[in-house]
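Student: Here's a sequence, model it:
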Amino acid sequence: MSVNIVSRLRGSLYGLAVGDALGAPYEFKPRGTYVPTGNMEESSIFTFKGKPLKAGTWTDDTSMALCLAASLNEHRGFIWEDAAKKFVRWNIDGYMSAIGVCFDIGNTTRVALGSYNYQLTHKANKPLVLSGPKDAHQSGNGSLMRLAPVPVFYHQSPKKALQYTSLQSRITHASPVAVQSCLLASLQIVGFVNSEKDTAKARKEEVLASRFVPKGLEGVDIEISEREIVNLWEGEWKSNTVDEISTSGFVVHSHEAALWALWNTETFEEGMLLLLPLGSDVDTVCAIYGQLAGACYGYESIPKRWLDGLQKREILDQVFGTLVELSSQVSDAETTAA
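Tutor: Residues are numbered from 1 along each chain as shown. Predicted coordinates for the structure are as follows:
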């Protein structure tokens, strides 16, 4: 793989973790009630052993992304049942947690993982059944926030990237809006990673153009039909003002905010700093932005102070490093896990 592609793959993964950790101290805070420092800060929103979480501590967004990445690494491909089992391990045992226990889990995710835990405990001799709710009212951002490992691993096979993107969402979030938001983001990450444009500005103009489809998917029926996701695909958010941008946990709002910040700024740092003061589900919005912006600008664009400030960096380096390395071995021609 070229140096540029490796940088964009790493950028998408570490961008997710950086955005998550930067936003965590401000999660749930109303817009206009705080002023971010622009640095990693300790979080009093969550505590561990009676103390605020250390600066640079990442939350559920990154933990679930690490679960996905670890599953892809272990099986050299996507097996949804194994990904679901690793999510359950995170929920029950703190697997891939920055502090050794699960915290900051969304309600929709909690219910789905509870179903898998029940199946694994009481129906161990039967195949797992997908349990992500299909209800439109449960279209949170919980599957989009963790997405990056799938399009990163399958960046050389866009068809597989879409196939497994849909499946990874449905583990916990099976509503059409949630699934299709993930599909669109996967198109965008693959598009940025594989773009032949020389500048970030040109890559954004290419990938964020109305109804963009990356190479390898020409003529393929992209299953994006929900009006709200089509609007995102067509770029109706580009001219929005900050007052028109919501950072709620609704997946459309989160995805739109991330795209808006990417389009209206010129560096990874500038876009992140634009989002940080907007409150509400800001850690996840920043994690989504980080996936997209990291894929566009590359790893080297992420400020060193943010990367150096991440807790449990050794876990990120090992799991994400292996994923990027293995992604070079994936192609449309070969058979991967199903």
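Student: Which residue is most remote from the mean position of the chain?
Tutor: Relative to the centre of the chain, and counting by C-alpha atoms, centre = their mean, the farthest-placed residue is residue 125 at 32.4 Å.
Student: contact partners of stretch 322-335?
Tutor: Stretch 322-335 has contacts (C-beta atoms under 8 Å, 6 or more residues apart in numbering) with 1, 6, 9-10, 13, 69, 72-73, 76-77, 149, 152-157, 159-160, 216, 336. C-beta: built from backbone N, CA, C; applies to glycine.
Student: how distant is stretch 45-55 from the center of its chain?
Tutor: For stretch 45-55, the gap between its own C-alpha mean and the chain's C-alpha mean amounts to 24 Å (C-alpha atoms, centre = their mean, to the nearest Å).
Student: end-to-end on that stretch?
Tutor: 12 Å (C-alpha to C-alpha, to the nearest Å).
Student: Sort out which residues of it are buried, please.
Tutor: In terms of neighbour count (16 or more other C-beta atoms under 10 Å), stretch 45-55 has its buried residues at 45, 48, 53-55.
Student: Name the next helix or strand downstream of the lowest-mean-pLDDT helix or strand in the chain, please.
Tutor: Taking mean pLDDT, DSSP states H and E as the measure, the chain has strand 43-48 as its least confident helix or strand, at a mean of 90. Under the assignment DSSP states H and E, the closest C-terminal helix or strand after strand 43-48 is strand 51-53.
Student: Any chance you could list what contacts the helix or strand where residue 150 lies?
Tutor: Here residue 150, judged by DSSP H and E, is contained in helix 149-153. By C-beta under 8 Å, 6+ apart, the residues outside helix 149-153 that reach it are 9, 12-13, 65, 68-69, 72, 78, 161, 164-165, 168, 185-186, 189-190, 193, 323-324, 326-327, 330.
Student: what comes up buried for whichever helix or strand comes after that helix?
Tutor: With elements assigned by DSSP H and E, the helix or strand that comes after helix 149-153 is helix 158-170. Judged by neighbour count (16+ other C-beta under 10 Å), helix 158-170 contains these buried residues: 158, 160-170.
Student: can you give me the helices for the stretch 51-200 of the chain?
Tutor: Taking DSSP state H, counting those that start in this stretch, the helices of the stretch 51-200 of the chain run over residues 60-75, 80-93, 107-122, 149-153, 158-170, 176-194, 200-207.
Student: Now mean pLDDT and distance to residue 220 too, for those helices, in JSON lines please.
Tutor: Listed next are the helices of the stretch 51-200 of the chain as JSON lines, based on pLDDT from 0 to 100; distance: least, C-beta to C-beta, whole Å:
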{"stretch": "helix 60-75", "mean pLDDT": "99", "distance to residue 220": "22"}
{"stretch": "helix 80-93", "mean pLDDT": "99", "distance to residue 220": "21"}
{"stretch": "helix 107-122", "mean pLDDT": "98", "distance to residue 220": "28"}
{"stretch": "helix 149-153", "mean pLDDT": "99", "distance to residue 220": "15"}
{"stretch": "helix 158-170", "mean pLDDT": "98", "distance to residue 220": "7"}
{"stretch": "helix 176-194", "mean pLDDT": "99", "distance to residue 220": "10"}
{"stretch": "helix 200-207", "mean pLDDT": "99", "distance to residue 220": "17"}
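Student: Out of the ones you listed, which is the most enclosed?
Tutor: Mean neighbours per residue, mean count of other C-beta atoms under 10 Å, is largest over the helices of the stretch 51-200 of the chain for helix 149-153, with a mean of 30.
Student: Could you export that helix as PDB, CA atoms only?
Tutor: Extracted C-alpha coordinates of helix 149-153, given in PDB (Å, rounded to 0.1, in the frame of the first residue of the first chain):
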ATOM      1  CA  PRO A 149     -12.500  -0.600  11.200                       C
ATOM      2  CA  VAL A 150     -14.900  -2.100   8.600                       C
ATOM      3  CA  PRO A 151     -14.200   0.300   5.700                       C
ATOM      4  CA  VAL A 152     -10.600   0.400   6.700                       C
ATOM      5  CA  PHE A 153     -10.200  -3.300   6.600                       C
END
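Student: Quick one: distance of that helix to the chain centre.
Tutor: Counting by C-alpha atoms, centre = their mean, helix 149-153 comes out at 10 Å from the chain centroid.
Student: sorry, back to before: distance-wise, check the residue farthest from the centre of the chain relative to residue 77.
Tutor: 25 Å (C-beta to C-beta, to the nearest Å).
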